[in-house]
Each structure stands twice: as structure tokens, then as C-alpha cells.
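> show me how the following folds:
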Amino acid sequence: MNDGQAHWEQVYSTRPAETLSWFQVAPEPSLDAILGLAPTKETPIIDVGGGASGLVDALIDRGFADVSVLDISAAALAQAQGRLGAAAAQVRWTVADVTRWTPPRTYRIWHDRAVFHFLTEPEQRAAYRRALEVGLAPGGFAILGTFAPEGPERCSGLPVSRYDADRLAAELGPEFRLLRDWREAHRTPGDTRQLFQWCVLRRR
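Numbering: from 1, shown residues only. All right, here's what the predicted structure looks like:
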């Protein structure tokens, strides 16, 4: 177990998901973006860094039949699986560090609200891009939510990188075309305000 994995196992093993700063009662920005891009309920979707997020619940509830969730923390995924109960069998679960992972297949939609802003080193971001380029089908969509320039400088005790839309698009490179972007003012369970930058990009 590497240091990053040990950190997130400790977080999810000792704190309920609903107390964590990134917790959402309803994952509306993510879900709205996905629903606008998925042509059918068979669209392959992966939630990278999905953790204990309720996004997977919302997708299953709406009848999506090809949903995958990847997270570095087995404890986080166990929380989501326990919450889903028998419906968890409909989801493909993977415990992995995305920067050390080779996707075994391609997806039409790659969603990430949790990982990219923690990649503070260039080599980490390069490894993420390699996984993204293997895992996202040509013409597919990347939906990324990161901390905005006015957002926090640290999260869960770790430093983060902050992005506006142009910087985020530049990080992914010319293989990806920015389709739209928006800001979200997220209210944490502790009632503080965090600004997120959202981008939808299409792979050429």
C-alpha cells in the first residue's frame, strides 16, 4: 500500500462519508452533465475517484446498465457497495490508483470530481492523461470537476492544484476539445463554501 492509498483508507475507515467536505446530498452537477451526454442507458460510464459518492446510486436508479467506479480506497468503495445493497452487483468496481492503472476497456463518459486536483506533480498528471487516453473512446467525453482558482489550497490535509477552464483544457492537451465549462459553489457539510471549476471536453 503506497502513501496515497494509506491516506485515503484512513480517511474513509474513520469518518462517515456524509461528514467529508466533498459530500453532496445529490450529485446534481455530475448527473446533469452525464444525462446531457449519454445517448442510451447502455452508454459505458466510469466515475474515477468515485469513492462513496452517491453518483453511482443515481445512475443505477436511472437505469444505466454499464457503470464502473474506480477509487484508490477499498474502504470508500465498500461504503458505496453497502449502501447499494444487491444493486452493487450491477456495477464494476475497481480499487486502483488511476495514475498507475491501465484501463482494460474504453468508456464513452469519463467522470472525475475527486482526483485531478490532487495531482500536484507534472508526472502524476502525465500518468493520468495516459490512463485517460487509453480509457476514453474517440469521440467520448471527459467531465472534470476541480477546485477553481478561488477554491481551497488544501483538501483532506493534502495540497491541491486549482484550475480555470483554460488551464484545465491545456493540461489535457490538444487531443481534447473544451465544449463547455461552469463554476459551482459547493456547500460542505460544515457549511463552508468551496468553488469548483467544471469542464466538459470531447476527445477528438
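
> next structured bit after the lengthiest helix in the chain?
When every helix of the chain is counted residue by residue (DSSP state H), the longest turns out to be helix 122-135. Sequence-wise, the next helix or strand downstream of helix 122-135 (DSSP states H and E) is strand 136-147.

> per-residue pLDDT, the residue nearest to Asp112 when sequence neighbours are not counted?
For Asp112, ignoring the flanking residues on the chain, the nearest one in space by C-beta to C-beta, 6 or more residues apart in numbering is Val48 at 4.3 Å. From N, CA and C alone the C-beta is placed, and that goes for glycine too. pLDDT, Val48: 98.

> residue boundaries of the helices in the protein?
3-14, 28-35, 55-61, 74-84, 122-135, 165-172.

> okay, now the closest residue to Asn2 other than its chain neighbours: neighbour count?
Once flanking residues are discounted, Asn2 sits nearest to Asp97: 7.0 Å by C-beta to C-beta, 6+ apart. The local packing of Asp97 (other C-beta atoms under 10 Å) involves 18 other residues.

> Asp97 reaches Gln5, doesn't it?
Yes: taking contacts as C-beta atoms under 8 Å, Asp97 lies within contact range of Gln5: 6.5 Å.

> and for those two, which residues touch both?
The contact sets of Asp97 and Gln5 overlap at Ile72 (C-beta atoms under 8 Å, 6 or more residues apart in numbering).

> quick one: Phe141 from Ala96, how far?
Look at Phe141 and Ala96: by C-beta to C-beta, to the nearest Å, they are 22 Å apart.

> neighbour-wise, which of these two wins?
Phe141 (24 against 15).

> give me whichever of the helices of the chain is most buried.
Mean neighbour count (mean count of other C-beta atoms under 10 Å) peaks for helix 55-61 among those, with a mean of 20.

> mind saving the C-alpha coords of the longest helix of the chain as PDB?
Provided in PDB are the C-alpha atoms of helix 122-135 (Å, rounded to 0.1, in the frame of the first residue of the first chain):
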ATOM      1  CA  PRO A 122       3.600  17.000 -13.600                       C
ATOM      2  CA  GLU A 123       4.500  13.300 -13.700                       C
ATOM      3  CA  GLN A 124       1.200  12.500 -11.900                       C
ATOM      4  CA  ARG A 125      -0.800  14.500 -14.400                       C
ATOM      5  CA  ALA A 126       1.000  12.900 -17.300                       C
ATOM      6  CA  ALA A 127       0.200   9.400 -15.900                       C
ATOM      7  CA  TYR A 128      -3.400  10.400 -15.500                       C
ATOM      8  CA  ARG A 129      -3.500  11.600 -19.100                       C
ATOM      9  CA  ARG A 130      -2.100   8.200 -20.300                       C
ATOM     10  CA  ALA A 131      -4.900   6.400 -18.500                       C
ATOM     11  CA  LEU A 132      -7.500   8.800 -19.900                       C
ATOM     12  CA  GLU A 133      -6.200   8.400 -23.400                       C
ATOM     13  CA  VAL A 134      -6.400   4.600 -23.100                       C
ATOM     14  CA  GLY A 135      -9.700   4.500 -21.400                       C
END
